[in-house]
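> what's the 3D shape of this:
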Amino acid sequence: NVWEWLFAHPDETRYVRQLPIRGIHTKWVERHGKALRELHRAVTGADFSFSQPAKQFRCKACCPEMMLGGCDEFALSAAQLGASALRPSTVIVCENLVNTLCLHDLPGTLAIHGSGFAVSELAAVPWLLETPLLYWGDLDSNGFAILNAVRAFAPHARSIMMDAETLHRHFDLCVNEPKPAWGAFGNLTPAELDALHLLAQGNSTCGIANLRLEQERLEWDWAYARVSSLVRPDE
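Predicted coordinates for the structure are as follows:
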């Protein structure tokens, strides 16, 4: 049974659906994992853990030089990304997957879908810490919270279209942010904090307590031009 296997293999770590326990469905173990872990800790004083698949980051090669194995779209874990031969001159991390995949014709550029707060795992990519990094997140408090987390491991990261100008230009496209992020965001710039303050003011006329401007709502031609001007500042 489950107990016998866990006690007999204290140092063995497997995926939960890999457990060789005859007659026990692994979904049962998944459903009762918390109780099993607490009871195991109470009886043995030690914990057990199951292997977890590494987070895969969807990537888009924005130029032929950034393609991997002939593919301009691919997914790698942070460890795999760090071990790869890719050495972009610019990295754009996007909170939104569609915008990530739509970026193109940007020399030396690799776009990465950050997947919200999972972006912190990219701290395991050594070359990323020395590469110009642009972060494009939603204009809402959670977007700024994620940017704050990015700056914790990449203080050189530069935000794009997360400013008052972008907010005012698309103010009519804002909606309410249902679960705002609260806390001290010590890694934001004064301009970013000003934008965050504007978001928190909401729009009483429309009954919006906390503004949210999702990046996919932006005019694409305008947004792409902004990105391109940062990647090709001399053009």
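> Glu73 touches Cys59, doesn't it?
Yes. Glu73 is in contact with Cys59 according to Cβ atoms under 8 Å; the separation is 7.1 Å. C-beta: built from backbone N, CA, C; applies to glycine.
> out of those two, which sits in the more crowded spot?
Cys59 (25 against 13; other Cβ atoms under 10 Å).
> and that one, helix, strand or coil?
The assignment at Cys59 comes out as strand when based on DSSP: H, G, I helix; E, B strand; the rest coil.
> Just want to check the distance between it and Ser120.
17 Å (Cβ to Cβ, to the nearest Å).
> Let's see stretch 197-214 as CSV, backbone CA atoms only.
The C-alpha coordinates for stretch 197-214 follow below in CSV (Å, rounded to 0.1, in the frame of the first residue of the first chain):
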residue,chain,number,x,y,z
HIS,A,197,-1.2,55.2,-8.4
LEU,A,198,-3.4,56.2,-11.4
LEU,A,199,-4.6,52.6,-11.7
ALA,A,200,-5.6,52.6,-8.0
GLN,A,201,-7.7,55.8,-8.5
GLY,A,202,-10.1,53.8,-10.7
ASN,A,203,-12.8,55.4,-12.8
SER,A,204,-15.9,56.2,-10.7
THR,A,205,-17.8,57.2,-13.8
CYS,A,206,-17.7,53.6,-15.0
GLY,A,207,-17.9,52.1,-11.6
ILE,A,208,-14.3,50.8,-11.8
ALA,A,209,-12.5,50.7,-8.4
ASN,A,210,-9.1,49.5,-9.8
LEU,A,211,-8.2,50.0,-13.4
ARG,A,212,-6.8,47.2,-15.6
LEU,A,213,-5.6,47.6,-19.1
GLU,A,214,-4.7,44.2,-20.6
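> Go through that stretch and flag the buried ones.
198-199, 202, 208, 210-214 (16 or more other Cβ atoms under 10 Å).
> Going by residue numbers, what spans are strands in the protein?
Per DSSP state E, the chain carries strands over the ranges 57-61, 73-76, 90-94, 109-113, 133-136, 158-159, 175-176, 211-212.
> Tell me which of the ones you listed approaches Ala191 most closely.
Nearest to Ala191 among the strands of the chain is strand 158-159; the distance by Cβ to Cβ comes to 8.8 Å.
> Sweet, I'm off.
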